[in-house]
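Participant: Quick one: sequence plus predicted model below, questions after.
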Amino acid sequence: MLLGKGLGHVAGRYTQPNAPLYPAITLQKHSSAAKHSRPQPDRRRVSCQAVEQQGATTSTLVQQNGNGNGIAAELDEQQEAARKLAATDPCVGYNLPKSDWSVSSLSVVVLGASGDLAKKKIFPALFSLYYEGLLPENFQIFGYARSKMSDEEFRNMIEATLTCRVNARERCAEAQEVFLKRCFYQSGPYDAPDGFKQLSTRLSELEAIKPRANRMFFLSIPPNVFLAATGNAADHARSSTGWTHVIVEKPFGRDSESSRELGRGLARHLREEEIYRIDHYLGKELIENLTVLRFSNRVFEPLWSRQYIRNVQIIFSENFGTEGRGGYFDQYGIIRDVIQNHLLQIVALFAMEQPVSLDAEDIRNEKVKVLRSMKVVTPDDVVLGQYKARGKLPGYLDDQTVPEGSLTPTFAAIAMFIDNPRWDGVPFLFKAGKALHKRYAEIRVQFRPVPGNLYREKQGADPDAACNELVIRIQPKEAIYLKINNKVPGLGLRLDQTRLDLQYQEQYTSELPDAYERLLLDVVNGDKRLFIRCDNG
């Protein structure tokens, strides 16, 4: 693959042979685009603090009473119970206000219920939460779309998408049957109030069993109807007795002006605390673990700076093309669709300073500081490409939904820099593309060479090959591993590079939750740590 002038220079200095830029692309004109992102916390760190506090309490009471055995045993049991509660209840782990579901109901409304996202992700995630006992006793789910459909037809549509992908697989068919009875459908336009008024009437009838009703709306609809649908939902179907939360899917605008216009439009109908801008990548297990890895492990925090880190690579690779979605993709391209949303959010979380607390606003404040410190990208720092036909894989322009002669990039490699004391001079290398050699996403942190290395002659002519590297594989087969130099066993002195390896599938027996499961549960609990603020999109 050829490189653009500027990025070729950067890549030659900072990348590693075993982490190459992608092949099989056609280069196009340079372009620059950059936007902004967001961060998150973790439960084990919180419960660790709680355990420390309780441990101190145990020690104090033992000293006061003199008899340590009985008191210590009793407090150990309390400590263990508190630890288990914090691990399973995010409201406890994150110090969130808890809803009293004994007097409250929950209604989830999915706008765009007949679309692919709703069928493939949202409804299965809601069922998984129900199956795991994480939804309140009194809940109902409504699909809303322009398509005409009865409740029974709607249930038949989503039944095929429901799977028992969760830990406890007993009574799956029974759980599905109960869940589907809680699902209803309301047809209506997005840009007129009549359908939303009918929806609100039906919701109120089901919610009457409890004095307080909470409502959650998920906008799984095209961006051009975001504002109309949001306005009608907020003005004509808002809860009058409880909270109303509205989930907005990316893209949050096509450029700065359209993003600001979307923000102003949402603000005309909703308060900022009612808006949940979702980027499902922030709900992935390894992304949520970033803050835990860094801030709860003493070994990493001193190394997390320009003194020790040579470059950071954030890689997103898909081994398939647009597959009939070229019309939508062509409006945005790989930079807006992937780098501006997913990858910038990851970098903001990776590079932020330690927040004051795990509160959502404290974390998001630190992320915004990172984004505001990013230097403007120049054409010399960018390479763009578009995939061509290869074997049985058609080219981008072969997609009938793509405009003829489109120059929209399906691949981008960008070098970005953060202008602050911690990261000054460290390149953050973004690489994202479709129709590449394999599907994966990962963060690669390459450390600087050892100064005055005693073993330079034993490590070969390429100094990059001997650099330590921390790799966080986001998907698939989630893993964290550190590449270190090691002596090969035997007589003589021969060096090799090996891994300290954490494979999630081997270490943890439970299946990892889908990103939408985590994010939907966070909306129910009012937790905004993994969501994007208006100044962070």
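Facilitator: Received, thanks.

Participant: Show me where the stretch 251-400 of the chain dips below the pLDDT cut-off.
Facilitator: Across the stretch 251-400 of the chain, the ranges flagged by pLDDT under 70 are 251, 253.

Participant: All the helices of it, residue numbers only.
Facilitator: 256-267, 285-288, 290-295, 326-329, 333-334, 344-351, 360-372 (DSSP state H, counting those that start in this stretch).

Participant: list the buried ones in stretch 143-156?
Facilitator: The neighbour-count check on stretch 143-156 (16 or more other CB atoms under 10 Å) flags 143-145, 149, 154-155 as buried. (Each C-beta comes from the backbone N, C-alpha and C, glycine too.)

Participant: actually stretch 348-360, sorry about that
Facilitator: For stretch 348-360, burial by neighbour count (16+ other CB under 10 Å) applies to 348-352, 355, 358-360.

Participant: residues touching the closest residue to Leu495 other than its chain neighbours, list them.
Facilitator: Spatial nearest neighbour of Leu495, chain neighbours left out: Lys458 (4.8 Å); criterion: CB to CB, 6 or more residues apart in numbering. Counting by CB atoms under 8 Å, 6 or more residues apart in numbering, Lys458 touches 493-495.

Participant: try 10 Å this time
Facilitator: With contact taken as CB atoms under 10 Å, 6 or more residues apart in numbering, Lys458 is in contact with 466, 485, 487, 493-496.

Participant: can you check Glu517 too?
Facilitator: Here Glu517 is in contact with 121, 124-129, 132, 134, 165-166, 283 (CB under 10 Å, 6+ apart).

Participant: Weed out the non-buried ones from these.
Facilitator: Neighbour counting over the contacts of Glu517 (16+ other CB under 10 Å) leaves 121, 124-129, 132, 134, 165-166, 283 as the buried ones.

Participant: how far does stretch 176-196 stretch from start to finish?
Facilitator: For stretch 176-196, the first-to-last residue distance is 27 Å (CA to CA, to the nearest Å).

Participant: now stretch 399-410
Facilitator: End-to-end for stretch 399-410, by CA to CA: 13 Å.

Participant: One more: stretch 105-123?
Facilitator: Using CA to CA, one end of stretch 105-123 lies 19 Å from the other.

Participant: how distant is it from the center of its chain?
Facilitator: Distance, stretch centre to chain centre, for stretch 105-123: 18 Å (CA atoms, centre = their mean, to the nearest Å).

Participant: Please report phi then psi for Lys197.
Facilitator: The phi/psi pair for Lys197 (degrees, to the nearest 10) reads phi -70, psi -40.

Participant: Let me know how buried it is, in neighbour terms.
Facilitator: The local packing of Lys197 (other CB atoms under 10 Å) involves 15 other residues.

Participant: mind checking pLDDT for it?
Facilitator: In the prediction, the pLDDT value recorded for Lys197 is 94.

Participant: Next up, the contacts around it.
Facilitator: Residues in contact with Lys197 (CB under 10 Å, 6+ apart) are 188, 232, 235-237.

Participant: doesn't Lys477 make contact with Leu502?
Facilitator: No: assessed by CB atoms under 10 Å, Leu502 is found out of contact with Lys477, at 11.5 Å.
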